[in-house]
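[1] Make a model of this:
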Amino acid sequence: MSKHRTGVAVRSLIAVAVASAFPLSHAFAAEAPAAEQADAPAADPAATPAPRNQLETVIVTAQRRAENIRDVPMSIATVKGDKLDVLTSGAADIRFLSGRSPSVSIESDFGRTFPRFYIRGLGNTDFDLNASQPVGLVMDDIVMENPMLKGFPVFDVDQVEVLRGPQGTLFGRNSPAGVIKFDSAKPVFKQEGYLQLGIGSFSAKTVEGMFNVPVSDTVALRFAGTSQHRDNRVHNTNPTPDKGTQDFEGYGDQAFRLQALVQPNKDFSALFNVHARNYHGNAALFRANIIKKGTNDLVDGFDYGSYPSDGINKQDLETKGGSIRLKYNAGDITLHSITGYEKLKFYSRADVDGGYGAASAPPSGPGFIPFPVETADVLPKHHQFTQEFRAESNYSGPLQWIGGLFYFDEDIQIDSLSFNTFAAGNPQNAAYAVQHQKSKSWATFGSLNYTVSDKLKVRGGLRYTSDKKDFTAMRVEPPDTSGLLPVNKDSHNVSWDLSGTYELSKATNLFARVATGYRAPSIQGRLNSLTDKPSSADAERALSYEVGVKQDLFERRARLSASVFQYRMKDKQLTAGSGTVNMNQLINADKVTGQGAELDFQANLSDEFSMTAGYSYNDTKIKDKNLFVQYCGNVLNNPASGCTPTNAAGPFAGTSSIDGNPLPRAPKHQLNFTLKYSTEIGNGEFYAMTDWAYRTSYNFFLYEAPEYTAKKLTEGGVRAAYKWQNGKYEVAAFGRNITNRQVILGAIDFDNLTGIMNEPRTWGGTFKVNF
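    Okay, here's the model as predicted:
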């Protein structure tokens, strides 16, 4: 690169840093000349060429219409293009998004399945298979309710949108924290496709491809699929002979999506979508006593690549689904119908005690194993049906509107098995619980947009929701049973939002938003004994306030979005572990509050360099003086077991008060950063991109203990690629967690210091051909 271009890049970096630190004042100064010339005669385009390196306009559908992201009065982030390619390198599952967007965290106690999402500190640590979450996940306009549907592999995706704050009006129930939308690339009327092959650490192999073909002038098909495989990477040094060799953390994951677009004329279109996934491999590996008591350090001599266990670790998931999206333009009104159907089967078995043997059945280890626990969770039956009818205005004028109806129907059966690990894992020696849940919900909603003036636009929305859940549970310990234990929950709610956008200048919009959100009641029946009862939590409701600014800077070479927010939750649903056995209890906190700030920044720094950066601050607090939970190892009275809770003691032995605690898995600070360099070499283009994410510590559970406090974490990745023949061919090398930082990401609220590790460093390469 020339000295001149180097100087331009350095000056651009300095200017961007100054503008980011003082966004409002310096942005006004930068835009003042343009504002002064706004009324002047238009210049000859030939005499004043458009500035180079302008950022492309980002179009989002956060308000169920296609809009410029700058005009939408809420905090939104998007991920697409090269950044999405880098983050998904090495067949990363959906957790790749964690920390890569402000206020977003994603984790799992199951591995590549059952992801749990958090926005602005709001999430749910429940590991039951019917757990609801306050973050909605929408894939191709279909809400994915069950957590097993939310981990569908990411391939041939056009854009990911993160909508922060309550989305109760247009997206409905179970979205008081926000919504994450995945939009697949749609069929087009031209032939195109790609094939990508990849290899990586631990004998990882990936194949991904897409083929789009117009069948006629009115029908186009698009098929996309992926196949991902990785060998086991953790060696079991103490397998049980009659259970076979049990090494860990390998998997095979295949998925496809077939879409058909039928568009007989300009007014009508029908988009059909069929998709499926088949996953087989391991659940997350639980490692007993890997945490030094009194600290959150790994024990001395910890080795990621080996671990002793006498249990079986196996996981299988099959999902199938389809949707039909109809759109008809009837002049001044556009009509939509969105029909979706999803079904799945799931089996996951793991050694929950995290070791081998027990104190009462030596040999045992590592460390103190009070008693053996090996369980399996099964979804033998699941189906979900959704239907939405929506109408929207399609005419010119200051008033625009959306109105619609929504229906949801879900039927689930859950089997929870408890194995006798000293009976060769024979399921006939197992106790089990059976849960059956039927959920029905319907809603009506509407939204109005009104242009008050050239500068001011206001929006308001309203939604009425009715929910009904019928639940039964039964514990079986042959030949005895608990009998059928029913729980029924009905709930009704009105959600609303009011927002406005004010155009301060042609490049700067201010926005404000007040919104409410709602999560339907939850029930779970993971019964551990014949005397246990199902637990439930009433509906939670959120009220959120938010103000912010969205700016284009340096003649659209940079873009800034910043917001501050405050919310309060009433009857917040929380999940309390037992501290001793493998079960949860649902509870409601009287109040939870949160406040914070978010910043998204994107810039083309020069011809060769571009960057993105994000930051979030979240301060959450549980406010309920009468709320207490059991803590780890609370009844064992063994100094080698359990943790060291630091909260005030609760009213009963083995309990802790959680009043004043932050929400679990809610880091106060998160930072993310990417930097890309690209240049022409020969007849092609070389680019290199690095991405980094940092977050501060957080509590794993509702109570506080040093052992169950996550360490601060910085992780980085890199991807370097060369494209030639106008992008037809690409070869790339990548690395994830390139500093090989090893930390405990989660734990089991149980009888010993059992932890779950983050992903180790991986390297790999890909070859891609476009046609």
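
[2] From now on I want contacts and neighbour counts done on CA atoms only, so please keep to that.
    OK.

[3] Can you find the helix or strand of this protein with the lowest average pLDDT?
    Least confident element among the helices and strands of the chain, by mean pLDDT, DSSP states H and E: helix 23-36 (a mean of 34).

[4] any chance you could map the strands in the stretch 201-350 of the chain?
    Per DSSP state E, counting those that start in this stretch, the stretch 201-350 of the chain carries strands over the ranges 204-214, 219-230, 235-236, 251-265, 268-281, 306-307, 314-330, 333-351.

[5] ok, and the residue lying closest to T375 once chain neighbours are set aside, which helix or strand is that part of?
    Computed as CA to CA, 6 or more residues apart in numbering, the closest residue to T375 that is not its neighbour in sequence is S418, at 4.6 Å. Following DSSP states H and E, one finds S418 within strand 399-419.

[6] Which one, of the strands of the stretch 201-350 of the chain, ends up nearest to N174?
    Among these, the nearest to N174 by CA to CA is strand 333-351 (17.6 Å).

[7] which stretches of the stretch 101-250 of the chain aren't confidently modelled?
    240-245 (pLDDT under 70).

[8] before we move on, back to that, show me what the strand holding S418 packs onto, helices and strands only.
    Contacts defined by 3 or more CA pairs under 8 Å, 6 or more residues apart in numbering; DSSP states H and E place strand 399-419 against strand 374-393, strand 431-451.

[9] That one to strand 374-393, inter-axis angle?
    Strand 399-419 runs at 170 degrees relative to strand 374-393, counting by axes from the mean of the first three to the mean of the last three CA atoms, to 10 degrees.

[10] sorry, back to before: wait, isn't the residue nearest to T375 in contact with V373?
    Yes. Look at S418 against V373 with CA atoms under 8 Å: they come within range, at 7.4 Å.

[11] rewinding a little: any idea which helix or strand comes after the least confident helix or strand of the chain?
    strand 59-60.

[12] And the next helix or strand past that following strand?
    strand 67-68.

[13] Pull out the buried residues from the next helix-or-strand element following that following strand.
    Counting by DSSP H and E, the next helix or strand C-terminal to strand 67-68 is strand 75-79. Within strand 75-79, the residues scored as buried using 16 or more other CA atoms under 10 Å are 75-79.

[14] What of stretch 188-197?
    Applying a neighbour-count criterion of 16+ other CA under 10 Å, one finds 188-189, 193-197 buried in stretch 188-197.

[15] mind checking how far it is from the chain centre?
    Offset of stretch 188-197 from its chain centre (CA atoms, centre = their mean, to the nearest Å): 28 Å.

[16] Which residues does it contact?
    Applying CA atoms under 8 Å, 6 or more residues apart in numbering, the external contacts of stretch 188-197 come out as 205-214, 217, 219-222, 261, 766-771.

[17] one more time with 10 Å, if that's ok
    Contacts of stretch 188-197 from elsewhere in the structure, counted by CA atoms under 10 Å, 6 or more residues apart in numbering, are 156, 205-227, 260-261, 728-731, 765-771.

[18] Show me which of these are buried.
    156, 205-214, 219-227, 260-261, 729-731, 765-770.

[19] which ones are touching D691?
    Counted by CA under 10 Å, 6+ apart, D691 has contacts 83, 86-87, 100, 611-613, 672-676, 715-719, 736-737.

[20] Look at the residue lying closest to R556 once chain neighbours are set aside and say how many residues are nearby.
    Using CA to CA, 6+ apart and skipping the chain neighbours, the partner closest in space to R556 is Q54 (5.2 Å). A count of nearby residues for Q54, using other CA atoms under 10 Å, gives 17.

[21] How about D480?
    Using other CA under 10 Å, D480 is surrounded by 10 other residues.

[22] And for Y304?
    By the criterion of other CA under 10 Å, Y304 has 14 neighbours.

[23] Can you check what pLDDT the model gives it?
    pLDDT for Y304: 94.

[24] ditto for the one 5 residues further on
    Predicted confidence (pLDDT) for S309: 88.

[25] For it, give its distance to K83.
    Per CA to CA, to the nearest Å, S309 is found 39 Å from K83.

[26] out of the two, which sits in the more crowded spot?
    More crowded of S309 and K83, by other CA under 10 Å: S309, with 28 against 19.

[27] thinking again about what came up before, tell me the one of the buried residues of stretch 188-197 nearest R463?
    Looking at the buried residues of stretch 188-197 and their distance to R463, the nearest is V188, at 34.5 Å (CA to CA).

[28] so how far is T690 from K83?
    K83 is 9 Å from T690, by CA to CA.

[29] What of G633?
    In terms of CA to CA, G633 sits 42 Å off from T690.

[30] One more: T508?
    For T508, the distance to T690 - CA to CA - is 29 Å.

[31] Next: R736.
    Distance of R736 to T690, computed by CA to CA: 10 Å.

[32] Thanks again, I'm all set now.
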